[in-house]
Each structure stands twice: as C-alpha cells, then as structure tokens.
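Chemist: Pasted the sequence and its predicted model underneath.
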Amino acid sequence: MANTCKSDSITIIFASMELFLSNIKIEVNSNLYLKNPESSTLGKKILKGGIELINELGFDDFTFKKLAVKIQSTEASIYRYFDSKHKLLLYLNAWYWAWMEYRFVFKITNIVSPTERLLKGLTLLTEKVEEDGNIPHINETSLYKIVISEFTKAYSIKTVDDYNDLGAYVGYKQLVQRICDIILEINPDYKYPHMLASTVIEGSHHQRFFSEHLPKLTDVSENEDAVVNFYNELVLKVIQK
C-alpha cells in the first residue's frame with residue numbers, strides 16, 4: 001500500500017522550542033519566485049500588500065498595477081520578484097501550508113496518544129485562523145481567507161501538473177501526509193487516509209465559506225465551533241477498526 005508522499009521543497013526552521021515565535025522562518029520553494037521576497041523590504045511589502053489587496057478585491061480583480069499603487073512602487077519592481085500574479089498566489093498558498101505544517105508539528109509534539117494527537121491536529125486545521133503578529137508582513141487571518149476563497153485557483157488549472165513538478169504543492173501534501181501517518185498509527189488497515197485527510201481540510205474551508213455567505217448549506221452556530229466538532233467526530237468514526 002502506497003501511503004507515502006515525498007517532501008523536499010519547503011523547510012520549516014526554528015531555533016528552539018522556547019523561542020519558536022520569534023525564530024520561525026518559512027522557506028518557500030524557489031521555483032515560485034524570481035527573487036526571494038523575504039530578502040528585502042520591498043519584497044516583504046509586496047507580500048503584505050498582495051495579501052491585503054487579494055483579500056479585498058479577490059484574485060480575479062487583483063493586478064500588479066493595483067499592487068504597485070498600493071505599495072508605492074512600480075509594476076516593473078514587482079515583476080522582478082514574481083513573473084505573474086498566479087505565481088504570487090502560488091507563493092502565498094505555499095507559505096500558508098508550510099506555516100500550518102509548522103504549527104501542526106508544534107501542536108502535537110510530546111503527545112503520546114495518537115488519538116489525542118489526531119484530535120489536536122484536526123482542531124488546528126479546522127478552526128478559524130487568528131493573526132499571531134509574529135511575522136509583521138504576513139497577516140495570517142487575511143491569508144487564511146485567501147486560502148479559503150482562492151485556493152482552488154492555485155491547482156484547478158490547466159498547468160497544475162507543471163506547477164506540481166515545480167514543487168508548488170509540496171507543503172500541502174506534506175501536511176496531508178502528517179495526518180495520514182497518525183490515522184494509520186491508529187488504524188493501520190484504514191484504506192483511504194489521504195482522501196480522508198484532504199477531505200477534512202478542503203471540507204472545513206467550504207464550511208467556513210458557507211457559514212459567511214451561504215448559511216443554508218451548513219450547520220454552523222454561535223453555540224459551538226460546529227466545523228471543528230463535526231470533522232473531529234467524523235474522522236474518529238470513519239477510522240474505527
């Protein structure tokens with residue numbers, strides 16, 4: 001049974017557990033940019049402004065011309081970092097999934113029970129994301145909203161195979177694999193760990209979107225975090241031996 005997923009393009013680095021908040025560094029696959037935006041003040045302004053503008057306008061109406069005006073720079077300067085707005089979207093998604101993988105690993109560290117590890121991890125992946133303020137040029141809450149509303153535009157495209165070969169989706173696949181590993185630790189005979197893991201992530205995003213825009217399609221309420229509770233309950237029932 002092939003339940004493995006190669007990972008080599010996105011690295012999560014932190015100096016120590018005690019200083020993780022101030023030492024986190026997300027490294028995104030270099031195939032997704034021309035110049036590393038983390039390497040300069042302008043690059044970080046491109047990321048910050050890009051997140052704000054895509055969240056405000058939507059990806060379809062977002063342009064580098066509008067971004068240049070927002071950050072008081074030029075289109076030519078932005079093109080030195082990314083050769084298209086789609087590459088910027090791929091970068092932001094890759095950053096988000098690498099950051100989520102980092103948080104996932106930290107969340108479950110030193111937890112012996114695989115069931116408890118799974119529930120802790122699933123809760124992290126299905127709850128709302130709040131800004132932590134430790135990376136000033138990345139608003140995690142806004143980025144989370146972009147992932148929910150625009151993530152399919154990063155892979156439901158004609159060139160998905162080409163981007164996959166470049167490693168654009170490695171971070172997402174790594175995170176799915178981490179969930180799979182715990183599922184198989186609980187039930188080694190479960191046949192569909194990848195399908196279940198990716199369904200939970202994608203489904204939770206749909207439910208968050210529905211709760212804001214199409215509430216008749218969901219059961220989200222003010223009395224509980226129904227999204228978290230639903231997927232935790234679903235996964236535990238599905239993987240029972």
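Modeler: Thanks, I have the structure now.
Chemist: who's in contact with A168?
Modeler: By CB atoms under 8 Å, 6 or more residues apart in numbering, the contact set of A168 is N29, N31, L32, L90, N93, A94, A154. To be clear about C-beta, it is placed using only N, CA and C from the backbone, and glycine gets the same treatment.
Chemist: Buried residues, the longest helix belonging to the chain. List them.
Modeler: The single longest helix within the chain, with elements called by DSSP state H, is helix 85-108. Within helix 85-108, the residues that qualify as buried by neighbour count (16 or more other CB atoms under 10 Å) are 85, 87-104, 108.
Chemist: so H205 sits right up against I146, yeah?
Modeler: No. Between H205 and I146 there is no contact under CB atoms under 8 Å: 11.0 Å.
Chemist: For those two, indicate the residue with more neighbours.
Modeler: I146 (25 against 19; other CB atoms under 10 Å).
Chemist: what's the distance between stretch 152-170 and the middle of its chain?
Modeler: Distance of stretch 152-170 from the chain centroid (CA atoms, centre = their mean, to the nearest Å) equals 14 Å.
Chemist: First-to-last residue distance for it?
Modeler: Using CA to CA, to the nearest Å, the end-to-end distance of stretch 152-170 comes out at 15 Å.
Chemist: rewinding a little: Throw the contacts of A168 into JSON lines and include pLDDT and distance to N164, thanks.
Modeler: Converted to JSON lines, the contacts of A168 look like this (pLDDT from 0 to 100; distance: CB to CB, whole Å):
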{"residue": "N29", "pLDDT": "91", "distance to N164": "11"}
{"residue": "N31", "pLDDT": "94", "distance to N164": "11"}
{"residue": "L32", "pLDDT": "95", "distance to N164": "12"}
{"residue": "L90", "pLDDT": "95", "distance to N164": "11"}
{"residue": "N93", "pLDDT": "94", "distance to N164": "13"}
{"residue": "A94", "pLDDT": "94", "distance to N164": "12"}
{"residue": "A154", "pLDDT": "83", "distance to N164": "11"}
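Chemist: Export the residues you listed to JSON lines and append columns for distance to L122.
Modeler: Shown next, in JSON lines, are those (distance: CB to CB, whole Å):
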{"residue": "N29", "distance to L122": "26"}
{"residue": "N31", "distance to L122": "30"}
{"residue": "L32", "distance to L122": "28"}
{"residue": "L90", "distance to L122": "26"}
{"residue": "N93", "distance to L122": "20"}
{"residue": "A94", "distance to L122": "22"}
{"residue": "A154", "distance to L122": "23"}
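Chemist: Report the rounded mean pLDDT for the helix or strand just after the longest helix of the chain.
Modeler: Reading on from helix 85-108 to the C-terminus, the next helix or strand found by DSSP states H and E is helix 114-126. If you average the pLDDT over helix 114-126, you get 97.
Chemist: Can you name the element that comes right after helix 114-126?
Modeler: helix 140-150.
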